[in-house]
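In: Take a look and give me a structure for this.
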Amino acid sequence: MMTARNGLNIEFTARGTNLNPKLKTLAEMELNSIDHKLGGAVSAHVILTEEKYRQIAEVTLTAKTEVLVATCEATEMVVALHDALHKLEQQVIRHKERRMTVERQGKPASSAPLVELAWPPVLAS
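Out: Numbering: from 1, shown residues only. Just a heads-up that it's a prediction; the model follows:
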């Protein structure tokens, strides 16, 4: 199942479980919030898996420059999905901070030498 809101394409996959509206609404709200913080993600894929007593949620967010993935496991699907979305949000914050640091500091000018050499070389005796 695929939904598109505000330019973010969200695709849902349920393996061994049913996708209820509560989980879908939670994922859409959190992903739209994360998209707003990131400043333009392209798509998201939410995979919900149930294996015996384990509930696994995997969220993949594709941005313009990189792909962010978060996976969590819990006894309840709501908890697993919430934890995976929280991990993804932390990754987005780190990604944004790294990007801002590079933009603000920039790279040194290539024309200026980093180390100046004295000529003629002085020989130690």
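In: Check which residues of the helix ranked longest in the chain are buried.
Out: Ranked by residue count and defined by DSSP state H, the top helix of the chain is helix 77-105. Using 16 or more other C-beta atoms under 10 Å as the test for burial, helix 77-105 gives 77, 80-85, 87-89, 91-92, 95. Bear in mind the C-beta positions are built from the backbone N, C-alpha and C, glycine included.
In: How about stretch 43-60?
Out: For stretch 43-60, the neighbour count (16+ other C-beta under 10 Å) marks 43-49, 55-60 as buried.
In: Inside strands: which ones of these?
Out: Among those, the members found in strands (DSSP state E) are 43-49, 55-60.
In: farthest-separated two in the residues you listed?
Out: 43 and 55 (23.6 Å; C-beta to C-beta).
In: what residue ranges in this protein score low on pLDDT?
Out: 1-7, 102-125 (pLDDT under 70).
In: shouldn't residue 75 be in contact with residue 55?
Out: Yes. Counting by C-beta atoms under 8 Å, residue 75 touches residue 55, with 6.4 Å between them.
In: phi, psi of the residue nearest to the spatial centre of the chain?
Out: In the chain, the centroid-proximal residue (C-alpha atoms, centre = their mean) is residue 68; its distance is 3.4 Å. Note on residue 68: its backbone torsions stand at phi -110, psi 130 [degrees, to the nearest 10].
In: Against residue 43, how distant is it?
Out: The gap separating residue 68 from residue 43 is 12 Å, by C-beta to C-beta, to the nearest Å.
In: In JSON lines: the ones in strands among the buried residues of stretch 43-60, plus distance to residue 8.
Out: Listed next are these as JSON lines, based on distance: C-beta to C-beta, whole Å:
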{"residue": "43", "distance to residue 8": "7"}
{"residue": "44", "distance to residue 8": "6"}
{"residue": "45", "distance to residue 8": "11"}
{"residue": "46", "distance to residue 8": "12"}
{"residue": "47", "distance to residue 8": "17"}
{"residue": "48", "distance to residue 8": "18"}
{"residue": "49", "distance to residue 8": "22"}
{"residue": "55", "distance to residue 8": "24"}
{"residue": "56", "distance to residue 8": "23"}
{"residue": "57", "distance to residue 8": "18"}
{"residue": "58", "distance to residue 8": "17"}
{"residue": "59", "distance to residue 8": "12"}
{"residue": "60", "distance to residue 8": "13"}
